[in-house]
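Chemist: Task: produce atomic coordinates for the following.
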Amino acid sequence: MCQEFECGPTDFVMLVCDGISEGGFSNEAAVKLAAERLHIADGQPVDPGEAAMAVCTEATSAWGGLIT
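Modeler: Residues are numbered from 1 along each chain as shown. Coordinates of the predicted model:
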């Protein structure tokens with residue numbers, strides 16, 4: 001089954017495994033953190049890799065230092 005989505009200029013797509021979004025770090029929290037990191041401040045470019053690293057770092061912290 002193929003599904004299409006229409007995205008606006010502020011929309012983004014996240015693909016995460018259960019190792020990121022289980023335990024003490026919910027899907028909602030992961031999306032909120034990524035959105036905060038992707039917010040363009042003062043017209044400066046945003047690095048999506050930095051947002052991804054922030055999500056992984058928070059997930060690692062929530063899991064006590066280990067995610068798989």
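
Chemist: Not counting its neighbours along the chain, what's nearest the most centrally placed residue in the chain?
Modeler: By CA atoms, centre = their mean, the mean C-alpha position of the chain lies nearest to A34, the distance being 3.8 Å. Spatial nearest neighbour of A34, chain neighbours left out: A51 (4.8 Å); criterion: CB to CB, 6 or more residues apart in numbering. In short, each C-beta sits where N, CA and C put it, glycine included.

Chemist: Count the neighbours of the one you found for me.
Modeler: 19 (other CB atoms under 10 Å).

Chemist: Pretty sure it sits against L38.
Modeler: Yes: when contacts are counted by CB atoms under 8 Å, A51 is listed as touching L38 (5.0 Å).

Chemist: list the residues that contact both of those two?
Modeler: Between them, A51 and L38 share no contacting residue under CB atoms under 8 Å, 6 or more residues apart in numbering.

Chemist: How about residues contacting the longest helix seen in the chain?
Modeler: As assigned by DSSP state H, the longest helix anywhere in the chain is helix 48-62. Here helix 48-62 makes contact (CB under 8 Å, 6+ apart) with 12, 14, 16, 19-21, 23-25, 29-30, 33-34, 37-38, 66-67.

Chemist: which among those residues end up buried?
Modeler: 16, 20-21, 25, 30, 33-34, 37-38, 67 (16 or more other CB atoms under 10 Å).

Chemist: E36 is in contact with V46, correct?
Modeler: No: using CB under 8 Å as the test, V46 is too far from E36 to be in contact (10.8 Å).

Chemist: okay, and for the chain, where does confidence drop off?
Modeler: 65-68 (pLDDT under 70).

Chemist: residue ranges of the strands in it, please?
Modeler: Applying DSSP state E to the chain gives no strands.

Chemist: in it, which spans are helices?
Modeler: So, for the chain - with DSSP H - the helices run 18-21, 27-38, 48-62.

Chemist: Those: which one's closest to E4?
Modeler: The minimum distance between E4 and the helices of the chain falls on helix 27-38, with 20.6 Å, by CB to CB.

Chemist: All set, thanks.
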